[in-house]
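Q: Give the three-dimensional model of this entry:
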Amino acid sequence: MFSSSVSERTILVPILAVVATQLLFIHSVASVNDTNAYLYHKCLEKDGKYKSKSLYEKNLNSLISNTSVKDYLYGVYGYRPDTVYMVIQCRGDAYGSRCDTCLSTAYSELRKRCPMNKGAIVWFDQCLLRISPTTFINEMDLKNKFYMYNMKKVRDPASFNAKTKALLTKLTKEATRKGSERSPAQEYYEPGDMKLDGKMKLYGMVQCTRLIWNTDCKKCLDTIIGELPNCCDGKEGGRVVSGSCNFRYEIYPFLDTQR
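A: All right, here's what the predicted structure looks like:
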């Protein structure tokens, strides 16, 4: 049963729902447009484990092997109690073969980092992959979340922070705008830029998974944009990434605008 509906150093800060301590480590981004760097993962221990060669594992492998995705897919395979639910959501500029390749990469990484976990999430630069033994459609996920930011600081943090929030808020409005002129690949996704002092520009992007409603997408983005002071105060670049939505901003282009 199946259905589908510039190199910079950055800091990654996982936000754990239960554990109070925060983990910090250095993450390197190789290039602007072509990188598909691993970002973070979360093994959802509450969903339990499956055994090797079990029906759950067979259903999971069947779901992945029979899936070809261009930009987004929500899939279901098998019957209770061994049903597997999956979502793959690619970044708005990483569609087609690039998205399909990201699925293969993400699944391989998920199996390595969360072996035998029935539920898990992995984030890459170009896609998010989540598997679960229970449905999570129409559920806004802000619990599974992390921050990334550039270690370099701007000269005027207050002004820069205000402009960053203004840009991301504007992009949120566009991303959640309903209209037949928006293609499926661009739904809940919006890139944009803003002029800064001199020749500098601020580049931004917001995106939600297409699992949630339009109103929840706006709520999700408004919530994480509100965390800018905690995430990226005065930093040249940063992002907040959750299971349902994410934003990123930089002072250099980081999206493939030629696609």
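
Q: where in this structure is pLDDT low?
A: Applying pLDDT under 70 to the chain flags residues 1-34, 178-186, 259.

Q: Repeat the analysis, applying 90 as the threshold.
A: Along the chain, segments meeting pLDDT under 90 span 1-36, 66-70, 95, 177-187, 197-200, 256-259.

Q: Break it down into its domains, please.
A: Listed domain ranges for the chain are 2-10+30-132, 145-250 (source: automatic domain parsing).

Q: Could you point out which of these sits nearest Q258?
A: In terms of C-beta to C-beta, the element of those nearest to Q258 is domain 2-10+30-132, at 8.1 Å. All C-beta spots, glycine's among them, are computed from the backbone N, C-alpha and C.

Q: How about the backbone phi and psi for the nearest residue to G234 once chain neighbours are set aside?
A: Nearest non-adjacent residue to G234, counting by C-beta to C-beta, 6 or more residues apart in numbering: P157, 3.0 Å away. P157 adopts backbone torsions of phi -60, psi -40, taken as degrees, to the nearest 10.

Q: Next, format the domains of the chain as TSV and append distance to E139 and mean neighbour count.
A: Formatted as TSV, the domains of the chain follow (distance: least, C-beta to C-beta, whole Å; neighbours: other C-beta atoms under 10 Å):
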stretch	distance to E139	mean neighbour count
domain 2-10+30-132	10	18
domain 145-250	7	19
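
Q: Mind putting these into CSV with distance to Q258?
A: Converted to CSV, these look like this (distance: least, C-beta to C-beta, whole Å):
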stretch, distance to Q258
domain 2-10+30-132, 8
domain 145-250, 12
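
Q: Would you mind saying which of the ones you listed lies nearest N138?
A: domain 145-250 (6.2 Å).

Q: got the end-to-end distance for that closest one?
A: Using C-alpha to C-alpha, to the nearest Å, the span of domain 145-250 from its first residue to its last is 19 Å.

Q: R155 versus the residue in the chain sticking out farthest from the centre, what's the distance?
A: Centroid-distance maximum for the chain: G198 at 31.8 Å, with C-alpha atoms, centre = their mean. Computed as C-beta to C-beta, to the nearest Å, the G198 to R155 distance reads 12 Å.

Q: re earlier: wait, a strand at the residue farthest from the centre of the chain?
A: No: counting by DSSP: H, G, I helix; E, B strand; the rest coil, G198 is not part of a strand but coil.

Q: All the strands of the stretch 51-200 of the chain, residue numbers only.
A: According to DSSP state E, counting those that start in this stretch, the stretch 51-200 of the chain carries its strands in the segments 72-77, 84-90, 120-124, 127-132, 145-150, 189-195.

Q: Now do the shortest one against strand 127-132, angle only.
A: In other words, strand 120-124. 180 degrees (axes from the mean of the first three to the mean of the last three C-alpha atoms, to 10 degrees).

Q: Show the secondary-structure elements that strand 120-124 is packed against.
A: Applying 3 or more C-beta pairs under 8 Å, 6 or more residues apart in numbering; DSSP states H and E, one finds that strand 120-124 contacts strand 38-43, helix 97-113, strand 127-132.

Q: Also the fourth one?
A: Contacting strand 127-132 under the criterion 3+ C-beta pairs under 8 Å, 6+ apart are the following elements: strand 84-90, helix 97-113, strand 120-124.
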